[in-house]
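Colleague: Mind folding the following:
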Amino acid sequence: MKCLVIIAHPDSGSLCHSLARVAIQTLTDAGHEVVIDDLYQSGFIPSLTINERKTYYDPPFDSSAIESRVESLRSTEALVLVFPVWWFGFPAILKGWFDRVWAPGIAYDHATDLGPIKPRLHNLRRTMAITTLGSPWWADRLLLWQPVKRVLKTAILRTCAPECRFEILSLYKAERLTVREVDVFTSRIHKKLGKWRI
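Modeller: Numbers count the residues shown, from 1 in each chain. I've put the predicted structure just below:
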């Protein structure tokens, strides 16, 4: 498969980058084609431009400033997102990637009556989110009902890539983990991604 790995953490020495390296190596060892987009390192600007916003409803969408990322998304069969969960949501740079790259004419089409959108990412078959959180598992799952998981699975993937299978691996209490706890989590990444097939 052609796999796109999106990394959204500003510190290249972070736990997220370490987990991303595990994911990349596992996919590469399994024979997949891997494209890496480190949003911070590449200087991605998350804010919509005025032309991008104006062309959201006045097609064609102006993707001229992000064309290489648009082509990567269109050709991707499997997506891995590696990011920290901050305030139980996406880092701003990752939210901006969705705002700018998952745009009309790219990830979906508007209905003529502005009703439910129509998906365009029919080639995207697998997505995994690998996240780190400072909070314990029960705060994410029991108090807030996993908001990041629900947004990714229901609001984004179900509407833009309905045939896509979604998984999320979340590492909780990430600021005070033992080496063994990190090793156990990385083995889960290796096991899950090592089995990926279309």
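Colleague: next one: the one helix or strand in the chain whose mean pLDDT sits lowest to chain centre, how far?
Modeller: Of all the helices and strands that make up the chain, helix 137-138 has the lowest average by mean pLDDT, DSSP states H and E, namely a mean of 86. Here helix 137-138 shows a centroid-to-chain-centroid distance of 22 Å under the convention CA atoms, centre = their mean, to the nearest Å.
Colleague: residues in contact with the residue nearest the centre of the chain?
Modeller: Central residue of the chain (CA atoms, centre = their mean): residue 81, 3.5 Å from the mean position. By CB atoms under 8 Å, 6 or more residues apart in numbering, the contact list for residue 81 reads 6, 8, 94, 127, 128, 129, 130, 152. (C-beta placed from N, C-alpha, C; glycine too.)
Colleague: just residue 33 next, same as before
Modeller: Going by CB under 8 Å, 6+ apart, residue 33 touches 1, 2, 3.
Colleague: Does residue 165 touch residue 125 like I think?
Modeller: Yes. Counting by CB atoms under 8 Å, residue 125 is a contact partner of residue 165 at 6.7 Å.
Colleague: Would you mind telling me which of those two has more residues around it?
Modeller: The neighbour comparison of residue 165 against residue 125 (other CB atoms under 10 Å) goes to residue 125, with 18 against 14.
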